[in-house]
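Visitor: For reference, the sequence and a predicted model appear below.
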Amino acid sequence: MTIIKNKMERKVSEQLFSEAKNYFPGGVSSPVRAFKSVKGTPLFIKRGKGSQIWDEDDNQFTDFCCSWGPLILGHNNDAIREAIVETVAHGTSFGTPTRWENKLGSLILENNRFIDKLRFVSSGTEAVMSAIRLARGYTGKDKIIKFDGCYHGHFDSLLVQAGSGLATFGVSSSAGIPQSFANETIVLPLDDLGALEETFKLHADKIACVIIEAVPANNGLLLQRQSYLDSLREMCTRYNVLLVFDEVISGLRVGFEGAAGRYNIQPDIMTYGKIMGGGMPVGAYAASHEIMGHVAPDGCVYQAGTLSGNPVAMAAGYTAAKQLLETGFYENLEKTTQGFVANIQGYCDDKGYEVNIRTIASIFWIAFSRKEIRRADQIDAASMEKFKILHSYLLDNGLYLGPSGYEVGFVSAAHTQAELDTAAQKICDGLDLVF
Ligand SMILES: *Cc1c(COP(=O)(O)O)cnc(C)c1O
C-alpha cells in the first residue's frame, strides 16, 4: 500500500469560497456543492477535458462526479463544443421554434419505443413539476405517491418525506411548503408491494400518479427488483393510476431508452434532464400522443418557458445523443465500468472489508455494508463517517467523487482504461485507511 499523502494547496479555492459566502447562501448555487457532508472547502473548478478536471490552484483530478451525471461523454467533448460554438455564432435565443428542436426531438423519439411526443424544458425539476401537473390534469385527481429514497428535484409536492406509520400523508422536508401541498403527497417505502396495495385500496380514486426513479440513484443506488417494478406497473394499471418514471438521471444513462428500456416497462409519463442537454440545461417530459395531447396549446394543461428548447442547448444535446447512438456505446461503457468496480470489489473481498459496490450500467455507489440495500432506511447513516475519510484521501490524491456518501459515481466514455486502473488502485488505498 502506497499512501502518498501530499496535502495539496487549495489557497485559491479557499479564498474564492470565502468571497462567495458574501454573495450566495452557503457560498454556492446548489446546496450539496458546499461540501457540508464531507471535510474541507469546495474546489473551484476552472477547466475540464475528458475525465480530468483542474481546480483554480491547478490541482488535477480524475472526475467521477461528472457534473452530477450529465457528462456521459466526459468534459469538453470536441464534437459537442464545436456544435455549441457553431450554433452560438448565429445567436443565443429567439423565443421561436428552431430547427434544432426538431433535430433533437426526432432523434430522441425515433430511438425510444416508450414515448411518442415530448416537451422540452430547462431542468429536471421543471420536467418533474410539469409531468405531475400533466398527470393531475389528465386524470382529474390530485394526490400523488412518491417513494422514500427517490429524489425528484426541488418541486414543492415532492420535497416531502414520510410521516409516521404506513401510508400516511407526507410531511414537507423543507421550510416554505404549505402543509396542504404535503397533504397531497403520499410517501411509501420502496420494495414494499403490501404498502402500495393497501394505499391503492384506500385512496386510488384520489391518486393521479405514482412517481418513481426506476433506478433510484440520488440516495445511494437503491437497485430495485425486476419483479417489484413489474408489479408496480401492473397495480397502477389495475387501479387506474398513472405511472411516472423519473428518468432525469437514468435516461440516456442506463441505455438510450433509460430504465424503461432496461426493465422493459412502459410507464405512462417520463421525465428527462441531465444527459439530454449534453452538458447544457435541458429537461423534457414525454408520453403517448394521447397523454401529451393534454398539454397546451393542444390541451388545457398549461406549461411554458422563455428559454425552453434553447438552440444552443438543443445543438449540444443533439451532438451528444448522436454519439450515444453509435453501435456498442452503452455495451462498452458498461463493460469498462463493471471491470473497474470488480477490481475494487475484489480487493475488498480479499481484505474482508465491509464494502459492497452497487452498480448498474455506468453508475456505481460504494455501500459500506454487505447487505442488500433496496430501501432508504437500510442505509446506515453512521457509515457516512467512512465515506468522509475516503473522500478526503481521494481528494488529496487526485480523484474527485461527489461530496456526499449518498451520491453515486459516474464513469464516462472519456475515462481510459489506464485512468480507471489508477483510480481503482487509489480507491483501494483509501479503503485501507478507512478500515
Ligand atoms: C437531478 C434529478 C432531478 C432534478 O433535476 P435538476 O436539473 O437538478 O432540476 C430530478 N429527478 C432526478 C431523478 C434527478 O436525478
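Guide: Right, received. Where do you want to start? Numbering: from 1, shown residues only.
Visitor: show me the residues around whichever residue of the stretch 251-400 of the chain sits closest to the ligand that make contact.
Guide: As assessed by Cβ to the nearest ligand atom, the ligand sits closest to residue 273 within the stretch 251-400 of the chain, at 4.5 Å. No exception for glycine: its C-beta is placed from N, CA and C like everyone else's. For residue 273, the contact set (Cβ atoms under 8 Å, 6 or more residues apart in numbering) comprises 123-124, 127, 248-249, 251, 282-284.
Visitor: Which ChimeraX command selects the buried ones in those residues?
Guide: Only the buried entries of the contacts of residue 273 go into this ChimeraX selection, using 16 or more other Cβ atoms under 10 Å:
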select :123,124,127,248,249,251,282,283,284
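Visitor: closest to residue 390 among the contacts of residue 273?
Guide: residue 249 (22.2 Å; Cβ to Cβ).
Visitor: how far away is the closest one from residue 272?
Guide: 10 Å (Cβ to Cβ, to the nearest Å).
Visitor: now do residue 112
Guide: For residue 112 relative to residue 272 (Cβ to Cβ), the value is 10 Å.
Visitor: Mutual contacts of the two, please.
Guide: 258, 286.
Visitor: who's more crowded, these two?
Guide: Using other Cβ atoms under 10 Å as the criterion, residue 112 and residue 272 rank with residue 272 on top: 31 against 22.
Visitor: doesn't residue 285 make contact with the more buried one?
Guide: Yes - counting by Cβ atoms under 8 Å, residue 272 does reach residue 285; the two are 7.4 Å apart.
Visitor: any shared contact partners between the two?
Guide: 118, 127.
Visitor: ok, back up a step: apart from its neighbours in sequence, what residue is nearest the residue of the stretch 251-400 of the chain closest to the ligand?
Guide: residue 124 (3.1 Å; Cβ to Cβ, 6 or more residues apart in numbering).
Visitor: I figured the one you found hits residue 151, correct?
Guide: No - judged on Cβ under 8 Å, residue 124 makes no contact with residue 151 at a distance of 9.4 Å.
Visitor: Quick check: residues of the protein near the ligand?
Guide: 123-125, 128, 151-153, 213, 218, 246, 248-249, 273-274 (Cβ under 6 Å from any ligand atom).
Visitor: Which of those fall within strands?
Guide: residue 246 (DSSP state E).
Visitor: which one of the residues of the chain next to the ligand sits closest to residue 301?
Guide: Nearest member of those to residue 301, counting by Cβ to Cβ, is residue 128, at 14.3 Å.
Visitor: And for that closest one, the neighbour number?
Guide: Residue 128: 27 neighbours (other Cβ under 10 Å).
Visitor: just residue 36 next, same as before
Guide: 12.
Visitor: Does it fall in a helix, a strand, or a coil region?
Guide: Secondary structure assignment for residue 36 (DSSP: H, G, I helix; E, B strand; the rest coil): coil.
Visitor: tell me the secondary structure for the closest residue in space to it that isn't next to it in sequence?
Guide: In this structure, residue 36 finds its nearest non-sequential neighbour in residue 26, 7.7 Å apart by Cβ to Cβ, 6+ apart. Under the three-state scheme (three-state DSSP), residue 26 adopts helix.
Visitor: Kindly list the longest helix within this protein.
Guide: helix 329-351 (DSSP state H).
Visitor: Next, the angle helix 329-351 makes with the helix or strand harbouring residue 425.
Guide: Secondary-structure element containing residue 425, defined by DSSP states H and E: helix 417-434. With axes from the mean of the first three to the mean of the last three Cα atoms, to 10 degrees applied, the angle from helix 417-434 to helix 329-351 works out at 30 degrees.
Visitor: rewinding a little: shared neighbours of residue 249 and residue 272, which are they?
Guide: Contacts common to residue 249 and residue 272, judged by Cβ under 8 Å, 6+ apart, are residue 124.
Visitor: Put together TSV for the contacts of residue 273, with pLDDT on each row.
Guide: Output for those, formatted as TSV (pLDDT from 0 to 100):
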residue	pLDDT
123	98
124	98
127	98
248	98
249	98
251	98
282	98
283	98
284	98
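Visitor: what's the closest of the contacts of residue 273 to residue 205?
Guide: Distances from residue 205 to these, taken by Cβ to Cβ, are shortest for residue 127, at 27.1 Å.
Visitor: count of residues packed around the residue in the stretch 301-435 of the chain positioned nearest to the ligand?
Guide: When scored by Cβ to the nearest ligand atom, the stretch 301-435 of the chain has residue 408 as its residue closest to the ligand, at 9.5 Å. Residue 408: 25 surrounding residues under other Cβ under 10 Å.
Visitor: What are the phi and psi values at it?
Guide: phi -80, psi 170 (degrees, to the nearest 10).
Visitor: residues in contact with it?
Guide: Contacts of residue 408 by Cβ under 8 Å, 6+ apart are 217-218, 220-221, 363-365, 402.
Visitor: One more: residue 193?
Guide: With Cβ under 8 Å, 6+ apart, residue 193 has these contacts: 228, 231-232, 235.
Visitor: next one: residue 223
Guide: Neighbours of residue 223 in contact, by Cβ under 8 Å, 6+ apart: 215-216, 358, 360, 374.
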